[in-house]
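>>> The following block contains a protein sequence and its predicted model.
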Amino acid sequence: MNRGNDILFFFSLLGAFNGLLLAVYFGLAARKKGNRYYFLALLILMLSIRVIKSVFFHFNPHLSDIFIQIGLSACILVGPFLYLYVAYERTKLRIFHIAPFLIVVILLGILYPYFEYRELWSQWIVRGIYLQWLIYIIVSLRYIKPIVGKIRGRQRLDNIDVWQLSIVMCVFLIWLAYSTAAYTSYIVGALSFSFLFYLVFLLVIFRNSEQPVLYQEKERYKNKIISEENILKIEQLLPSVIEREMFLNPDFTLDQAAKELKISKHVLSQYLNEKLNKSFSSFINECRIEKAKVLLQNKSNYSVESVGYESGFSSKSSFFTAFKKITGQTPSEFQKSSKN
């Protein structure tokens, strides 16, 4: 290879090998963070295998057919593992998203090995794999719908929101790169993976920052003053929104709250920031946590996970993160201390 190809090979493969390391990290971290991270680890592992295969095949067209089949077969599990990670709390029969596709991988290897059926693989099997991958991406979008609602309402996103949205979007972009490779270049998928890997790596760093992740607040509504009339209206009507527990809707947005109060969302956001020193997201989460505290004290037959959903949170992880941040305790710790 010439120097240009050497550089291309290096950057194409770098992300894949770092992906393998990240898969190991999440696999080990799953013991503390929760079982859902096993699916994230497996998702990154499948993508890394696919990328490694495409890199070596691009620079060595005589690559072993078995290696090619393994790389292509790994794509069958990318979609299911993405879905099981994003929808972990809402999906109970997880084995039904894994076992059938493992059987398909085994049967394809036995009945239609790549080295004997190359044309079948290139014309039909690979297309079927990419279609299945896309279907799982589309289904996964349902579980980040509340996050999209926050973006439309220009609410501050929680770190876990940004992380899950990034994972889904990255998987979609990698799918897009591979599914259009025939019209661009076969190595585009590998380069996309490397680029997105480091983009998400930077996101991990920002997640540990105290600064807002997606929307940086501008100066505190400089030169804008809320009228006394609007202040009075908010103070009169906001308690009724809380009493009606509209925050129990996971998709409840700043827009909806502003419509209930018959003011603009910008005025409501300014009021919360200046008068209560809170973002809309923080304010709603505090309301939800107060509801959760009541349920934890009075509903002993509810699981902690169920309490989170009943309080308006869209996922177990966002509930645990908000509860710990606001109360300094986990939901389980709070429940135990309230009984003593």
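Arrived safely, thanks for sending.

>>> any idea how far Thr253 is from Ile103?
Distance of Thr253 to Ile103, given as Cβ to Cβ, to the nearest Å: 43 Å. To be clear about C-beta, it is placed using only N, CA and C from the backbone, and glycine gets the same treatment.

>>> actually Asn277, not the one I wrote
In terms of Cβ to Cβ, Asn277 sits 56 Å off from Ile103.

>>> Does the residue most central in space within the chain lie in a helix or a strand, and which?
Nearest to the mean C-alpha position of the chain, by Cα atoms, centre = their mean, lies Gln164 at 1.3 Å. Element membership for Gln164, per DSSP states H and E: helix 159-179.

>>> Please name every helix or strand in contact with that helix.
helix 36-59, helix 65-86, helix 126-141, helix 145-152, helix 188-207, helix 316-327 (3 or more Cβ pairs under 8 Å, 6 or more residues apart in numbering; DSSP states H and E).

>>> which stretch among these comes nearest Leu237?
Comparing the helices and strands packed on helix 159-179 against Leu237 with Cβ to Cβ, the closest turns out to be helix 145-152 (21.8 Å).

>>> Pull out the buried residues from that closest one.
Of all the residues in helix 145-152, those buried under the rule 16 or more other Cβ atoms under 10 Å are 146-147, 149-150.

>>> Any chance of JSON lines for the helices and strands packed on helix 159-179, columns distance to Ala292?
Below are these laid out as JSON lines (distance: least, Cβ to Cβ, whole Å):
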{"stretch": "helix 36-59", "distance to Ala292": "20"}
{"stretch": "helix 65-86", "distance to Ala292": "23"}
{"stretch": "helix 126-141", "distance to Ala292": "26"}
{"stretch": "helix 145-152", "distance to Ala292": "17"}
{"stretch": "helix 188-207", "distance to Ala292": "23"}
{"stretch": "helix 316-327", "distance to Ala292": "7"}
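
>>> Where among these is average confidence lowest?
Among the helices and strands packed on helix 159-179, helix 188-207 has the lowest mean pLDDT, at a mean of 56.

>>> Please list the outside residues in contact with the helix or strand that comes right after that one.
Under the assignment DSSP H and E, the closest C-terminal helix or strand after helix 188-207 is helix 228-243. Outside helix 228-243, the residues within contact range by Cβ atoms under 8 Å, 6 or more residues apart in numbering are 247, 257, 260-263, 267-268, 271, 275, 287.

>>> so where is this structure shaky, pLDDT-wise?
1-16, 33, 57-59, 61-63, 89, 153-159, 181-224, 339-340 (pLDDT under 70).

>>> what does the domain assignment say about it?
Domain assignment for the chain by automatic domain parsing gives 3-207, 228-339.

>>> Report the distance from the last one to the chain centre.
Yep, that's domain 228-339 we're talking about. 22 Å (Cα atoms, centre = their mean, to the nearest Å).
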